[in-house]
Structures are given as C-alpha cells and as structure tokens.
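Asker: please find the sequence and the predicted model below.
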Amino acid sequence: DSGVTQTPKHLITATGQRVTLRCSPRSGDLSVYWYQQSLDQGLQFLIQYYNGEERAKGNILERFSAQQFPDLHSELNLSSLELGDSALYFCASSPGLTYNEQFFGPGTRLTVL
Amino acid sequence: KNQVEQSPQSLIILEGKNCTLQCNYTVSPFSNLRWYKQDTGRGPVSLTIMTFSENTKSNGRYTATLDADTKQSSLHITASQLSDSASYICVVSANDYKLSFGAGTTVTVRA
C-alpha cells in the first residue's frame, strides 16, 4: 500500500459524458501527478500540481483538466469522453518537486462505451 | 525532443536466471533516472533513483547502472523469481521537473 488513494476504482460511462477522478496523496506529500495508461501502452504523463499550483504539463488533452485543492487532494476531470479515453488513470504523489520518489495509487480504470 | 528508449520490448527468462534491461535517453538537462516495476493492472513501484553522480544502485536483487556520459542505464535482475514477471519502466527527469517515460520492458519469468 503506497498511501495514495484513488476513487473510484472502476468507472463505466458513455461517450460524450463527463467524469471526475479523485486522488488523495500520501500524508505530507505536496506534489500530485496524473498519468494515463491505455491498454498495452506505456505511462503517459498528463499533469503535475505542487501545493495547489500547476507545475508541469504533459500530453494532456484540452478536454481534460485537473486541480489540486487546499487539502492537497486532486481531481482529474475528463469531458466529452471518447472511446479512446478508455484507460487506467494513475495518480502519484511525492514530497517535493524534484529528485523525489513517486508513490503511485492503485489507479482508476475508465471504460467508455 | 526528450526521449527514453527501452530494450528489449519484452523478454522471457527461466526462473533463477539473470537478465539485463537497457534504457537509452536523450533528456537534457538531466536530473535523475528512475526504474519502476509495474505489475499488470497495478501502479508502478519505484526500484531505484539515480542522479548524475551515481553510477550504480542496488535494491535487493535489482541493480541499476547509469552512464551519464553515454546517456545509458541498465537494470540487472539477479536470480529471477516468478514474482519478477512485470513491466519495468525507465523514467528520466529533466531539471524542469518534466518526466520522460520509456515504453517499458515486459519480463516474463517461467518455472
């Protein structure tokens, strides 16, 4: 158990819909990262927040957005969902910005029908 | 463009044997390099983290090496066990906090 929690574990929805994935980092960690992993694909970095502010952006679509709240939990919002958005979405946290081990959550499996 | 390439894409080894995974990168300016193990359907777990000045680091039966001059890293698994079956991911961090991920090497250990 990494100490990072993600909800829900599974999510099934339809194309065109909007969903919100939630992540609670390890106690004391200020950085939260979001990743997408499609079937048989590598991890794709989406976005990083540090202490409430966006710090780095990867291959995140405009239909996707994220935020980190004052209590440091984070949410990833996915809108206008397409079939290709079906994937595992991982959240990770680390104490600071650089040279920190990242601890990954168990992931949310999103299925878009 | 920062890139991380891993080889081989997959490999099968017999239990008890050793294997070595490769990672070549073009990330610059380099900050650190990490190896992760990811079991199917689960989140990755960190194995090692190395900075520019470190050229080898061990975590049990896993030993990572780094040659910052040639921008190459390797992960050596000694006396493999069935539980080593997983995907191994090389991740390189640049000084601007951005992470570049390799596609991973899938290791299958057979009895």
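Answerer: That came through, no problem.
Asker: can you list the strands that the lowest-mean-pLDDT helix or strand in chain B pairs with?
Answerer: Lowest by mean pLDDT, DSSP states H and E among the helices and strands of chain B is strand B:99-101, with a mean of 84. In the sheet, strand B:99-101 lines up against strand B:86-94 (antiparallel) (DSSP bridges).
Asker: list the contacts of the partner strand.
Answerer: A:42-43, A:98-99, B:2, B:4, B:6, B:21, B:23, B:25, B:27-40, B:44, B:47, B:73, B:75, B:99-102, B:104-107 (CB atoms under 8 Å, 6 or more residues apart in numbering or on different chains). Placement of C-beta: from N, CA and C, glycine included.
Asker: out of those, which sit inside helices?
Answerer: Per DSSP state H, helices hold no members of these.
Asker: so A:Val112 versus chain B, what's the distance?
Answerer: Applying CB to the nearest CB, to the nearest Å, the value for A:Val112 to chain B is 18 Å.
Asker: contacting residues for that residue?
Answerer: Residues near A:Val112 by CB under 8 Å, 6+ apart: A:13-15, A:17, A:81-86.
Asker: same deal with B:Arg34?
Answerer: A:101-102, B:46-50, B:90-93.
Asker: and if we set it to 10 Å?
Answerer: Residues near B:Arg34 by CB atoms under 10 Å, 6 or more residues apart in numbering or on different chains: A:99-102, B:44, B:46-50, B:64, B:73, B:89-93, B:99, B:101.
Asker: in PyMOL, how would I select just the buried ones from the residues you listed?
Answerer: Those of the contacts of B:Arg34 that count as buried under 16 or more other CB atoms under 10 Å in any protein chain shown are selected in PyMOL with:
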select buried, (chain A and resi 100+102) or (chain B and resi 44+46+47+48+49+50+64+73+89+90+91+92+93+99+101)
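Asker: what is the nearest of the contacts of A:Val112 to B:Leu82?
Answerer: Minimum distance to B:Leu82 across the contacts of A:Val112 is 30.0 Å, recorded for A:Ser86 (CB to CB).
Asker: so what does A:Asp85 have for phi and psi?
Answerer: For A:Asp85, the backbone dihedrals are phi -80, psi -10 (criterion: degrees, to the nearest 10).
Asker: grab the nearest non-local neighbour of it.
Answerer: A:Val112 (5.3 Å; CB to CB, 6 or more residues apart in numbering or on different chains).
Asker: same check on A:Gln44?
Answerer: Spatially, and ignoring its direct neighbours in sequence, A:Gln44 is nearest to A:Gln36 (4.7 Å; CB to CB, 6+ apart).
Asker: same for whichever strand or helix holds the one you found, what does it pack against?
Answerer: Using DSSP states H and E, A:Gln36 sits in strand A:31-37. Contacts defined by 3 or more CB pairs under 10 Å, 6 or more residues apart in numbering or on different chains; DSSP states H and E place strand A:31-37 against strand A:19-24, strand A:44-50, strand A:53-57, strand A:64-68, strand A:74-78, strand A:87-94, strand A:103-104, strand B:99-101.
Asker: what bridges to the residue in chain A that chain B sits nearest to?
Answerer: Nearest residue of chain A to chain B, counting by CB to the nearest CB: A:Phe104, 3.1 Å away. Here A:Phe104 sits in beta bridges with A:Ala92, going by DSSP bridges.
Asker: can you say which of the contacts of A:Val112 are buried?
Answerer: Taking 16+ other CB under 10 Å as the criterion, what is buried in these is A:13, A:81, A:85-86.
Asker: perfect, that will be all.
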